[in-house]
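Visitor: build me a model:
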Amino acid sequence: MIIPVDSIPPETLDNIIKEHVLREGTDYGEHEVPLETQMQQLKQQLIRQEIVLVYSEIHESVNFLPKAQFDAQK
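Guide: Residues are numbered from 1 along each chain as shown. Predicted structure coming up:
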């Protein structure tokens, strides 16, 4: 189920984003990218609707997935 991000309090969304970045980790090559920058990049992808926040009833968790993945299912 896609969760509309505008229905989530900003502080909660920030915590979800932070948890995702810390859990997933990222490889930026030779350059270290600060946590805040990674969080801002993820938030911008949400704003541009490139990714969506999805709740999994099976796993009882939330995750970010490419929006195109859901558009293809229509």
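
Visitor: buried ones in stretch 47-65?
Guide: 51-53, 64 (16 or more other C-beta atoms under 10 Å). Heads up, the C-betas are built off the backbone N, CA and C, glycines and all.

Visitor: so His31: helix, strand or coil?
Guide: What DSSP: H, G, I helix; E, B strand; the rest coil gives for His31 is coil.

Visitor: that one: neighbour count?
Guide: Neighbourhood size, His31 [other C-beta atoms under 10 Å]: 5.

Visitor: hmm, back to that, going by distance to Met39, which of the buried residues of stretch 47-65 wins?
Guide: Phe64 (11.7 Å; C-beta to C-beta).

Visitor: can I assume that closest one is in contact with Glu50?
Guide: No: using C-beta atoms under 8 Å as the test, Phe64 is too far from Glu50 to be in contact (9.7 Å).
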